[in-house]
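>>> One predicted model, sequence on top.
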Amino acid sequence: MVRYSIEPEVPEKTSKARGSHLRVHFKHCREIAFHTSGMKASAALRFLDDVLAFKSVVPFVCFTGGIGRKAQAKQFKVPGSKGRWPVKATKVYKDLLTNAIANANTKGLDGESMIIRHAQCNRAPPGRRRTYRAHGRIGKYASQPAHIELILEEEKEPVEKAPEDRVKITKKMAAKRRFVKVG
């Protein structure tokens with residue numbers, strides 16, 4: 001059994017999926033995971049389908065060096081309107097999400113209405129190759145694979161707020177409470 005970075009409080013109401021040493025860019029996976037965490041599973045699948053159809057963009061928040069500006073990124077209020085359509089990483093992430101939904105259905109939970117509580121992406125060891133440079137030199141040519149883990153959780157029942165019995169305090173009473181009686 002593999003270890004996840006966090007363990008859910010109620011394991012019966014959650015489902016998990018993870019992939020190790022996936023040959024997709026870590027930075028792309030990180031941005032997809034950051035954007036979809038907290039979404040309902042059905043909404044996340046719809047978003048990923050839109051990305052694959054180039055109807056929606058993955059907003060880039062952390063790794064923004066050299067990322068071009070996109071008009072579609074304005075709807076997410078991204079700094080600098082930066083975004084991309086990482087097709088390969090989106091397909092892999094979508095497969096993991098559908099796997100987590102299938103795991104939830106196997107447990108007898110409603111997979112589509114579950115919420116992505118935990119979506120994490122870590123760097124995997126780079127795949128090392130080499131490229132041949134000018135003047136007989138050799139340079140590194142490394143891929144940046146990723147480990148991805150997802151935890152879906154059933155939506156909790158909302159709790160009604162208790163009615164507040166506030167006592168209105170006058171300025172005079174507040175001033176009296178500030179001073180401490182001595183003696």
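Good, I have the coordinates.
>>> give me the number of residues near Phe26?
Phe26: 21 surrounding residues under other C-beta atoms under 10 Å. The C-beta positions use only the backbone N, C-alpha and C, and glycine is treated the same way.
>>> Same question for Ala134.
6.
>>> Ok, Lys156 next?
9.
>>> Equivalent analysis for the one 5 residues further on, please.
The burial metric for Lys161, expressed as a neighbour count using other C-beta under 10 Å, is 6.
>>> Quickly note the distance from it to Ile169.
22 Å (C-beta to C-beta, to the nearest Å).
>>> Likewise for Val61?
Counting by C-beta to C-beta, the gap from Val61 to Ile169 is 44 Å.
>>> So which of those two has more stuff around it?
A direct count of neighbours by other C-beta under 10 Å for Val61 and Ile169 places Val61 higher, at 17 against 10.
>>> in terms of contact, does the more buried one touch Ser81 like I think?
No - look at Val61 against Ser81 with C-beta atoms under 8 Å: they stay out of range, at 11.5 Å.
>>> Lys27 reaches Val61, doesn't it?
No - when contacts are counted by C-beta under 8 Å, Lys27 is not listed as touching Val61 (11.0 Å).
>>> Need the overlap of contacts for those two.
Residues touching both Lys27 and Val61 by C-beta atoms under 8 Å, 6 or more residues apart in numbering: none at all.
>>> Give the buried residues for the top helix by length along the chain.
Scanning the chain for the longest helix, with DSSP state H as the assignment, gives helix 87-106. By neighbour count on 16 or more other C-beta atoms under 10 Å, the buried set for helix 87-106 is Ala89, Thr90, Val92, Tyr93, Lys94, Leu96, Leu97, Asn99, Ala100, Ile101, Asn103, Ala104.
>>> Quick one: the helices in the protein, in order.
26-36, 41-52, 87-106, 171-178.
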